[in-house]
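[1] Predicted model follows, preceded by the sequence.
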Amino acid sequence: METLTDRERTIVFTLIKHNGEMTQANLTYETKIPKSSLMGILRTLERRQIIRMKEWGRTNVIELPEWFLSKK
């Protein structure tokens, strides 16, 4: 967690608060991070394997992997 930026940490803590999974739209609403900025941050977190993104209709579901949740 120490290597994450403030916004990355906000996203991860928000996901933890919601049992490790929520839609991108809800994440945008809850964190107040603009959509365009959020997508870039999510891609970075996905590359670092901190989150997983999967398509769900016209939005994405963002989830923390099991290994991450087991370390909290």
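    Here it is on my side, so go on. Since the model is a prediction, treat every value here as computed from it, not as a measurement. Numbers count the residues shown, from 1 in each chain.
[2] buried residues in stretch 48-59?
    The neighbour-count check on stretch 48-59 (16 or more other C-beta atoms under 10 Å) flags Ile50, Ile51, Arg52 as buried. All C-beta spots, glycine's among them, are computed from the backbone N, C-alpha and C.
[3] Find the residue closest to the last one in space, skipping its chain neighbours.
    Sequence neighbours aside, Glu63 is the residue nearest to Arg52 in space, at 5.2 Å (criterion: C-beta to C-beta, 6 or more residues apart in numbering).
[4] Phi and psi next, for that neighbour.
    The phi/psi pair for Glu63 (degrees, to the nearest 10) reads phi -140, psi 150.
[5] hang on, it packs against Glu21?
    Yes - here Glu63 reaches Glu21: they are 4.2 Å apart, a contact under C-beta atoms under 8 Å.
[6] which helices and strands sit right next to the helix or strand hosting Ile16?
    According to DSSP states H and E, Ile16 maps onto helix 6-17. Contact here means 3 or more C-beta pairs under 8 Å, 6 or more residues apart in numbering; DSSP states H and E; on that basis helix 6-17 packs against strand 21-23, helix 24-31, helix 35-47, strand 59-63.
[7] neighbouring contacts of the first one?
    Surrounding strand 21-23, the residues in contact under the criterion C-beta atoms under 8 Å, 6 or more residues apart in numbering are Thr14, Leu15, Glu30, Trp56, Thr59, Asn60, Val61, Ile62, Glu63, Leu64.
[8] try 7 Å this time
    If you take C-beta atoms under 7 Å, 6 or more residues apart in numbering as the criterion, strand 21-23 is touched by Leu15, Trp56, Thr59, Asn60, Val61, Ile62, Glu63.
[9] Direction included, what does it pair against?
    Here strand 21-23 is paired, per DSSP bridges, with strand 59-63 (antiparallel).
[10] quick one: buried residues of the helix holding Ile16?
    In helix 6-17, counting by 16+ other C-beta under 10 Å, buried: Arg7, Glu8, Thr10, Ile11, Val12, Thr14, Leu15.
[11] go on, stretch 23-41?
    Those would be Gln24, Leu27, Thr28, Thr31, Ile33, Leu38, Ile41, for stretch 23-41 by 16+ other C-beta under 10 Å.
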